[in-house]
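Trainee: my questions concern the predicted model and sequence given below.
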Amino acid sequence: MSNSSHPPLVYDLDFPGLTELLKDWGEPTFRARQIWQGLYKNFWNHPDEFSNLPKPLREKMATGLRFEAIEPSLKLDSSDGQTRKTLFRLEDGRQIEAVLMRYDRRRTLCISTQVGCAMGCTFCATGQMGFSRHLSSGEIVAQVLYYARLLHAEGQAVTNVVLMGMGEPFHNYDNTMQAIDRLNDAEGYNFGARRFTISTSGLVPAIRQFADEKRQVNLAVSLHATEDEKRVAMMPVNKRYNIEQLIDACREYVQKTGRRITFEWALIHEVNDTPEEARRLASLLKGLLCHVNAIPLNPTTGYDGQATSKERAFIFKEILEQHGIPCTIRMRRGIDIQAGCGQLASRAD
Ligand code: SAH
Ligand code: SF4
């Protein structure tokens, strides 16, 4: 990777890796710290910006490192101006997307972990695309830094990062965790682990591993159905890990970490939004420290289910809450810019 024809992507390096590289270049150790802070505190993304470094080192950085992991190829703002979606071109020409949502003081990013997704959920635009490849840790990091830089220029900062863009983060476990660790580094971006949320379609062994690692990162699990037959039809991953195994792993996670788990529920008219379904969900989750995040389906071209109406959504929520399960209805945002999962990249292909 680190030969001169294909120098490393700077965002793929952790601090010891960068230090090692600078040592190989015959540079003093404090240069690594300066570069690290330039990248993660000032959000510089080109060697020319490192005006605190001697010119020969900047030249060396330009040839010995890659800085352009992701190039914005399309930027779309929702009509209310609160949501910005960016389509990025990767170095191999593939495309991913990341979304910024402004809500009160929150500045939440929704970022991607893979190009496409192998899980094949029928209602999901990314699932409909199939899987192309994993993102490297640096390609995940670069999405956050892109928006951090954009907000920094407005005197603002990212407050939350959700890994709910394209891809299944637990299918790309190591790169995802490395990206979080890099952004978490106290000497760099210093973004608190509790401000990340990882969302998974239910890869049980990875949930168990995650529980054992006792990270402070929030966990969301995409459930969407209470019966295996229905869930298999929506989410093929349920063939491998059924609902019982999934909920067992979730209970173990809560036991081990003491952390509340979020269940994601895309409300689909007459498919999983009925009062009976709400009651089944309440009994499935009974006694589990959790919260349900329900969101009316974002329609996609490859799936003919309809979004639940507001009225039905609120009845669903009420039933859950009557049974002691807290529930939030998230209204769809940025619908006019295809801000739903995978929708823009699949259209641009
Ligand atoms: N692969 C992970 C994270 C990315 S998807 C996962 O599945 O959890 C992020 C969330 O968007 C998941 O809860 C997913 O089920 C949901 N989602 C996907 N397509 C959707 C759609 N068309 N409408 C509403 N939610 C959708
Ligand atoms: Fe993949 Fe998540 Fe979409 Fe399912 S919902 S296909 S796991 S991105």
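Mentor: Done, it's in. Ligands and ions are numbered 1, 2, ... in the order given.

Trainee: per-domain residue ranges of this protein.
Mentor: 10-64, 70-348 (automatic domain parsing).

Trainee: could I get the ones you listed in a markdown table, plus columns for mean neighbour count and mean pLDDT?
Mentor: In short, each C-beta sits where N, CA and C put it, glycine included. Output for the domains of the chain, formatted as a markdown table (neighbours: other CB atoms under 10 Å; pLDDT from 0 to 100):
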| stretch | mean neighbour count | mean pLDDT |
| --- | --- | --- |
| domain 10-64 | 16 | 97 |
| domain 70-348 | 19 | 94 |
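
Trainee: among these, which comes closest to ligand 2?
Mentor: domain 70-348 (2.7 Å; CB to the nearest ligand atom).

Trainee: and residue 157, which of the three is it?
Mentor: Put simply, residue 157 is coil when judged by DSSP: H, G, I helix; E, B strand; the rest coil.

Trainee: just residue 97 next, same as before
Mentor: With three-state DSSP as the criterion, residue 97 reads strand.

Trainee: does it touch residue 90 like I think?
Mentor: No: counting by CB atoms under 8 Å, residue 97 does not reach residue 90; the two are 11.3 Å apart.

Trainee: next, the contact list for residue 181, please.
Mentor: Shown in contact with residue 181 (CB atoms under 8 Å, 6 or more residues apart in numbering): residue 14.

Trainee: spell out which parts of the stretch 101-250 of the chain neighbour ligand 1.
Mentor: Contact residues, the stretch 101-250 of the chain versus ligand 1 (CB under 6 Å from any ligand atom): 123, 124, 164, 168, 199, 200, 201, 222.

Trainee: farthest-apart pair in those residues, please.
Mentor: 123 and 200 (16.2 Å; CB to CB).

Trainee: as TSV, the residues of the stretch 101-250 of the chain next to ligand 1 with distance to ligand 2 would be great.
Mentor: Conversion of these to TSV gives the following (distance: CB to the nearest ligand atom, whole Å):
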residue	distance to ligand 2
123	8
124	3
164	8
168	4
199	7
200	8
201	4
222	6
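
Trainee: all the helices of this protein, residue numbers only.
Mentor: 15-24, 29-40, 55-64, 125-129, 137-152, 173-184, 204-213, 228-234, 237-240, 243-257, 275-284, 310-322, 343-348 (DSSP state H).

Trainee: out of those helices, nearest to residue 84?
Mentor: Nearest to residue 84 among those is helix 137-152; the distance by CB to CB comes to 8.0 Å.

Trainee: contacts for the closest one?
Mentor: Helix 137-152 has contacts (CB under 8 Å, 6+ apart) with 9-13, 39-40, 43, 45, 69-70, 72, 86, 88, 90, 96, 98, 100, 107, 109, 111-113, 157-158, 161, 165, 174-176, 178-179, 182-183, 189, 191.
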